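*Asks:* coords please:
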Amino acid sequence: MTAPVEGAACRRVLVTGATGNVGREVVAALTRRGLEAHAPARPDFDLTAPATFAPALAGCDGLFLMRPPAISDVAATLHPLVDAARLAGVRLVVFLSVAGADTNRLVPHHKTERYLRAGSVPWTFLRPGFFAQNLGDAYRRDLVEDDRLFVPSGRGQVAWVDVRDVAEVAVNAFAAPAAHAGTGYPLTGPEAVGFAEVAALLTAALGRPIRYQPASILAYVRHLRRDRDQPWMQAIIQTVLHVELRRADARRVDPTLARLLGRSPRTIADYVRDHAALWAR
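*Replies:* Just a heads-up that it's a prediction; the model follows:
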């Protein structure tokens, strides 16, 4: 059973994935709030090397936990880190999960949510939807080199969520652990926007035409393998995730993020405007 949480803020937080899209923003948000972000690099901290966990956690009373895409065996990596956090006296684990992980047993995040629920370390689950930052990451080469959004999402609409807002929620939890422990938060952006509309936003921001070209499943897998040199498994997972965006669930807007932020979340138009330089030639 999860132990009660003291009200004081977590003063020093170990941030996993600190060089990634979300982790980088968590580090920045912690710093703005006057909290210490501890982000050791390899070999001092390695999720595949449990011997590095205790030294990395020394002096930390918070843990921002996320699963890197390359890690599929959470039982041998994330779960031992949770155990080490308990021994180190961590007072709150904020776990970056995914939308629907509470019921979807197929995603590895479900296993980690269950593990945290069964343990004694207080936790908060963040369950964001589709990230706006995919435009500057997974789609960037297609946009810069081919002036196109090329994904197998049909006419699906997406409630794009900005990782800057997700990071702010994480830091709010570390600043007031007692108010957020034991809660799972679904996090979406404030509106559902289709890929054709996003292409129009990019066209206006960049001053050159960007088109949305819906891909077939086979064409997208072939593109990822042949043109982007992705491993088979990564290409299949990325394809499945985009096909899932055709479903109505992806366009569902949840009010939780606005409530937690005390303001309207950033829109996909905000992200495009703020990061136009990413797609410049």
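
*Asks:* so residue 110 sits right up against residue 101, yeah?
*Replies:* Yes. Between residue 110 and residue 101 there is a contact under CB atoms under 8 Å: 5.0 Å. Where you see a C-beta, it was placed from the backbone N, CA and C, and this is true even at glycine.

*Asks:* neighbour count: these two, which is higher?
*Replies:* Neighbour totals were compared for residue 110 and residue 101, and residue 101 leads with 21 against 18 (other CB atoms under 10 Å).

*Asks:* so what's the more buried one closest to, chain neighbours aside?
*Replies:* Spatial nearest neighbour of residue 101, excluding adjacent residues (CB to CB, 6 or more residues apart in numbering): residue 109 at 4.0 Å.

*Asks:* that neighbour reaches residue 98, doesn't it?
*Replies:* Yes. Counting by CB under 8 Å, residue 98 is a contact partner of residue 109 at 5.1 Å.

*Asks:* between those two, who's got more neighbours?
*Replies:* It is residue 109, of residue 109 and residue 98, that has more neighbours when counted by other CB under 10 Å, with 23 against 20.

*Asks:* quick one: that one is in a helix?
*Replies:* Yes. Applying DSSP: H, G, I helix; E, B strand; the rest coil, one finds residue 109 inside a helix.

*Asks:* in the helix or strand of the chain with the lowest mean pLDDT, what's buried?
*Replies:* Sorting the helices and strands of the chain by mean pLDDT, DSSP states H and E puts helix 232-243 at the bottom, at a mean of 87. Neighbour-count burial for helix 232-243 flags 235, 238-239, 241-243 (criterion: 16 or more other CB atoms under 10 Å).

*Asks:* I'd say residue 117 and residue 123 touch.
*Replies:* Yes. The pair residue 117 and residue 123 qualifies as a contact (CB under 8 Å) at a distance of 7.4 Å.

*Asks:* compare the two (neighbour count), which wins?
*Replies:* Taking neighbours as other CB under 10 Å, residue 117 and residue 123 compare with residue 123 leading, 25 against 14.

*Asks:* gap between the more buried one and residue 16?
*Replies:* Computed as CB to CB, to the nearest Å, the residue 123 to residue 16 distance reads 14 Å.

*Asks:* can you classify residue 94 by secondary structure?
*Replies:* Recorded secondary structure, residue 94: strand (three-state DSSP).

*Asks:* now residue 125
*Replies:* Look at residue 125: counting by three-state DSSP, its state is strand.

*Asks:* show me what contacts it?
*Replies:* Counting by CB atoms under 8 Å, 6 or more residues apart in numbering, residue 125 makes contact with 95, 97, 101-102, 113, 116, 183-185.

*Asks:* give me the distance from stretch 12-31 to the chain's centre.
*Replies:* Relative to its chain's centre, stretch 12-31 lies at 11 Å (CA atoms, centre = their mean, to the nearest Å).

*Asks:* can you give me the end-to-end distance of that stretch?
*Replies:* By CA to CA, to the nearest Å, the extent of stretch 12-31 from end to end equals 10 Å.

*Asks:* in that stretch, what's buried?
*Replies:* For stretch 12-31, by 16+ other CB under 10 Å, it's 12-18, 20-27, 29-30.
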